[in-house]
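> I would like the atomic coordinates for the input below:
(2 chains)
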Protein chains: 2
Amino acid sequence: MTVEDIARRAKRAQIELLRASEAKKNAVLLKIAEFIDKRKAELLNENLKDLESARSKGLSSAIIDRLRLDEKRIAVMISSLQEISKLPDPIGQIIDMKRRPNGMLVGRMRIPLGVIAVIYEARPNVTVDVAGLCIKSANAVILRGGSEALNSNQVLVNIIKDALSEVGINPDVVSLITDPSRDRILDIIKLEDLIDLVIPRGGEGLIKFVSENSRIPVLKHYKGVCHVFVDEYADLEKAYRICLNAKVQRPSVCNAMETLLVHKNIAEKFLPRMGDIYKEHNVEIRGCEITRRYIPFAKPATEEDWYAEYLDLILAVKVVNSIDEAIEHIRKYGSSHTESIVTENYENAMRFIKEVDSSSVMVNVSTRFSDGYEYGLGAEVGISTTKIHAYGPMGLEGLTTLKWIVLGNGQIRE
Amino acid sequence: MTVEDIARRAKRAQIELLRASEAKKNAVLLKIAEFIDKRKAELLNENLKDLESARSKGLSSAIIDRLRLDEKRIAVMISSLQEISKLPDPIGQIIDMKRRPNGMLVGRMRIPLGVIAVIYEARPNVTVDVAGLCIKSANAVILRGGSEALNSNQVLVNIIKDALSEVGINPDVVSLITDPSRDRILDIIKLEDLIDLVIPRGGEGLIKFVSENSRIPVLKHYKGVCHVFVDEYADLEKAYRICLNAKVQRPSVCNAMETLLVHKNIAEKFLPRMGDIYKEHNVEIRGCEITRRYIPFAKPATEEDWYAEYLDLILAVKVVNSIDEAIEHIRKYGSSHTESIVTENYENAMRFIKEVDSSSVMVNVSTRFSDGYEYGLGAEVGISTTKIHAYGPMGLEGLTTLKWIVLGNGQIRE
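Numbers count the residues shown, from 1 in each chain, chains lettered A, B, ... in the order given. Okay, the predicted model is just below:
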């Protein structure tokens, strides 16, 4: 089947999900969870093939790690499906119904986007998370996983299709594109009449390629240059804990801190000990001039460091004169991903929340919490740093839109 | 100034609108209304220049009509600003705040998109409607009106900038691009780092040009092929009234009906008299075979007629076997704009509302109500028939998005 055939079938089948009751959609999710558990041996076996081929191709240990399934990761997939089944069904919800002067009622109904295409790399759990969220939100989905995970994804999509059939929904609503050629990505992003949204998840190269060639709207994020601002009114114990966690708990991911901003009035008290803590954890510091006064082992930061997404145990540190300078720095160098202020001052917390226009803005917590699961979305289909449609982690609601509904009794326009 | 300079200044100035209180933003709107009233003579005079030049260039009477300002149209501009000033301020509103198991609060805050570019044609009232909605929603806006309305738009933007200055907000938040070259449109749609959304309003050629060349997300609608479905359970008096109004009250606009679908069980009762009514109003009918049995003067409809946006006193009419066939017809030939069912049957009304995925779906009212002003949005910046971000008429809320906010007291991720 061509990509266009797959998309055409997806579009046709999607109305079955739209018509399905919440109970029926939840039954599919729980059936997928059940089948994954039952066919665990087969799944681990196919995953082993992917791992062996990845090793023989010399793929990096980071990719191999993301690719690997084990008992624990399979348990997380299953519990993610169970979580999604417990979330309220967004579809059909009617909001803001108001009566107009002529007596007609005008409101909005939440509806699925229609057909979603998700283009992603290594991690097989994305297959299950995305399919689960799409089924619950009544969207058909076309999955284009990385070639390195093909065997694992193939089993998972077979399981999903079997679960759909068993509950009585056309299995065309979830499809996997198995041809590894990049031309298939081009095929997908030209089908503007059949596909409503494309979500590329992966490296900057993939995302650029999709955005520049797509005629379909694209939701994406390029980088996560996340900041923590330690305000002059910070509680230092919280600051040490948050700044350590945001940098070192998992430095390779997009919601790890890359730049630390420190108010000048607290720098002398805060930075020396923070420097020691980072030293213990092997964090390389690249600091501004004032920073280097308090952290002697810090290297000088260059202009490029303020833009850098290290994804590693490296941190840029800058001392700022005011909260205004901190906000300006973030607006200039940030990537609209996630920023956190550490402060006990009410007004500064409120200003930071209002004036920093990143997709997640936090007070007194680690930036590492910025993800769909931690926010209670059950899972996420991706993160958007474009302000259009969805901004930040996208769960069920990000896969929906609102149409207008008007209920009248014969009104005409004069 | 280059387009990039204008956009850079707009982006820098936008934070002033974000910081401004609701009272201050409303003061700007009312000040604009006051200045338009005071400088009415100047405005009418400049508009006269546009009208004369349009006539000398031989532009169509439809364009000249849209271009023309008069006392009544100026009064509508003013009242539109007053309406917008009365609408609740969407910015800063926090919704869905929930406590997570670790004690942090996660919710969402409504924020402006940032900088919007609107590319439009003839009508000078768009200048005021769009600027009013953008100011209230704290967005900076770059206006690119049609060259035929340049003198009128220039006065209006001067008035808007004067009002901003008088209230103490940087007037760079509203700008007009006066160079009529299409290259300036290309300049706008390449500034992906400075502009967050582009809204083209105008003919299909303009919209295609913008969508195909833009790196910035585009909100648009191409066509309005609106349907009315007269169900077998229709109240015939309502059906006659709605079907007449939807076609003839203003046939040249996108929310006028273009195709009438009639259930076969009511066709014999409904179509002969409806045909007579249309005849009286000089409506040309292009009908399916059964339609032509009941409306003898109808011409045969071809496949193209089901796709047609006539914008004229022409109507395609088709008799369908069931509500399913009506819904399928709309899904196949429709343009996702507006569809209305005429029925007294509860279940059919509910099915139509749920299964028709157009941006406005109506029961027992004329499709002509599908616009921002009629829906209570004060005005509209445009209509979207793409399901991403906003779907249907876009008012204040369509100019905003939601960011995530997280309030904690020292939480770190384990």
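> And the helices in the stretch 201-350 of chain A?
Under the criterion DSSP state H, counting those that start in this stretch, helices of the stretch 201-350 of chain A are mapped to A:204-213, A:236-248, A:264-280, A:289-294, A:303-307, A:323-333, A:346-355.
> Nearest to chain B, out of the ones you listed?
Counting by C-beta to the nearest C-beta, chain B lies closest to helix A:236-248 out of the helices of the stretch 201-350 of chain A; the figure is 3.6 Å. All C-beta atoms are positioned from the backbone trio N, CA, C, and that covers glycine.
> State the phi and psi torsions of the spatially closest residue to residue A:411 that is not a sequence neighbour.
Leaving aside its chain neighbours, residue A:411 sits nearest to residue B:365 (4.5 Å; criterion: C-beta to C-beta, 6 or more residues apart in numbering or on different chains). When read as degrees, to the nearest 10, the backbone of residue B:365 gives phi -140, psi 160.
> Now the element after the strand or helix carrying residue A:107, going C-ward?
Using DSSP states H and E, residue A:107 sits within strand A:105-112. Once the chain leaves strand A:105-112, the next helix or strand it forms, by DSSP H and E, is strand A:115-119.
> Parallel or antiparallel, which strands does that following strand pair with?
Here strand A:115-119 has these sheet partners by DSSP bridges: strand A:140-144 (parallel), strand A:197-200 (parallel).
> Low-confidence stretches in chain A?
By pLDDT under 70, chain A contains no weakly predicted segment.
> now the strand holding residue A:107 against helix B:346-355, angle please.
60 degrees (axes from the mean of the first three to the mean of the last three C-alpha atoms, to 10 degrees).
> Distance from the chain centre to strand A:105-112, please.
Centroid displacement of strand A:105-112 relative to its chain, using C-alpha atoms, centre = their mean, to the nearest Å, is 26 Å.
> so residue A:42 touches residue A:155, yeah?
Yes - Residue A:42 lies in contact with residue A:155 (C-beta atoms under 8 Å); the separation is 6.0 Å.
> how's chain A carved up into domains?
A:3-220+A:386-407, A:226-369 (automatic domain parsing).
> In CSV: those, plus mean neighbour count.
Below are the domains of chain A laid out as CSV (neighbours: other C-beta atoms under 10 Å in any protein chain shown):
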stretch, mean neighbour count
domain A:3-220+A:386-407, 19
domain A:226-369, 20
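> Counting residues, which strand of chain A comes out longest?
strand A:400-411 (DSSP state E).
> Turn the domains of chain A into a markdown table, columns for distance to residue B:411.
As requested, the domains of chain A are exported to a markdown table (distance: least, C-beta to C-beta, whole Å):
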| stretch | distance to residue B:411 |
| --- | --- |
| domain A:3-220+A:386-407 | 17 |
| domain A:226-369 | 4 |
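> Distance check, residue A:249 against chain B.
According to C-beta to the nearest C-beta, to the nearest Å, residue A:249 stands 6 Å off from chain B.
> what about stretch A:103-112 and chain B, any contact?
Yes - Stretch A:103-112 comes into contact with chain B (C-beta under 8 Å from any C-beta of the partner chain), by way of A:104, A:106, A:109, A:111.
> and the third one, how far is that from residue A:398?
Taking C-beta to C-beta, to the nearest Å as the criterion, residue A:109 is separated from residue A:398 by 17 Å.
> and what of the first one?
With distances defined as C-beta to C-beta, the gap from residue A:104 to residue A:398 amounts to 30 Å.
> for residue A:165, what are its contacts?
Residues in contact with residue A:165 (C-beta atoms under 8 Å, 6 or more residues apart in numbering or on different chains) are residue A:171.
> does it belong to a helix or a strand, and which?
Using DSSP H and E, residue A:165 falls in helix A:150-167.
> That helix to strand A:140-144, inter-axis angle?
Using the same axes, to 10 degrees: helix A:150-167 against strand A:140-144 is 160 degrees.
> Report the next helix or strand after helix A:150-167 in sequence order.
strand A:174-176.
> strand partners of that following strand, parallel vs antiparallel please.
Strand A:174-176 is paired, per DSSP bridges, with strand A:140-144 (parallel).
> Using CSV, write down the CA coordinates of the partner strand.
Extracted as CSV, the C-alpha positions of strand A:140-144 are listed here (Å, rounded to 0.1, in the frame of the first residue of the first chain):
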residue,chain,number,x,y,z
ALA,A,140,-6.6,8.2,13.2
VAL,A,141,-2.8,8.0,13.3
ILE,A,142,0.0,7.2,10.9
LEU,A,143,3.2,6.1,12.6
ARG,A,144,6.5,6.4,11.0
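> How about residues contacting it?
Applying C-beta under 8 Å, 6+ apart, the contact partners of strand A:140-144 are A:3, A:6-7, A:10-11, A:13-14, A:17, A:114-120, A:127, A:130-131, A:134, A:153, A:157, A:172-177, A:184-185, A:188, A:195.
> For residue A:42, list the residues it contacts.
Neighbour list for residue A:42: residue A:155 [criterion: C-beta under 8 Å, 6+ apart].
> In terms of helices and strands, where is it?
Going by DSSP H and E, residue A:42 is part of helix A:40-56.
> Give me the distance from that helix to the chain's centre.
Chain-centre distance of helix A:40-56: 26 Å, with C-alpha atoms, centre = their mean.
> After that helix, which helix or strand is next?
Counting by DSSP H and E, what follows helix A:40-56 is helix A:61-67.
> Remind me what that next one packs against, helices and strands.
Helix A:61-67 sits against helix A:40-56, with contacts defined as 3 or more C-beta pairs under 8 Å, 6 or more residues apart in numbering or on different chains; DSSP states H and E.
> how far off helix A:150-167 does the helix it packs on point, in degrees?
150 degrees.
> still on that earlier bit, identify whichever of the strands paired with strand A:115-119 lies nearest to residue B:378.
strand A:197-200 (29.0 Å; C-beta to C-beta).
> which residues sit in contact with residue A:168?
Contact analysis of residue A:168 by C-beta under 8 Å, 6+ apart lists residue A:24.
> ok, now residue A:366?
A:242, A:245, A:246, A:249, A:340, B:411, B:412, B:413.
> Name the nearest residue to the third one, ignoring sequence neighbours.
Just to be clear, that refers to residue A:246. Per C-beta to C-beta, 6+ apart, closest to residue A:246 is residue A:257, 3.7 Å.
> That neighbour contacts residue A:315, correct?
Yes - under the criterion of C-beta under 8 Å, residue A:257 makes contact with residue A:315 at 7.0 Å.
> and of the domains of chain A, who's closest to residue B:26?
Of all the domains of chain A, it is domain A:226-369 that lies closest to residue B:26, at 18.5 Å by C-beta to C-beta.
> Give me the distance between the two termini of that closest one.
One end of domain A:226-369 to the other measures 12 Å (C-alpha to C-alpha, to the nearest Å).
> ok, now stretch A:374-382?
End to end - C-alpha to C-alpha - stretch A:374-382 spans 13 Å.
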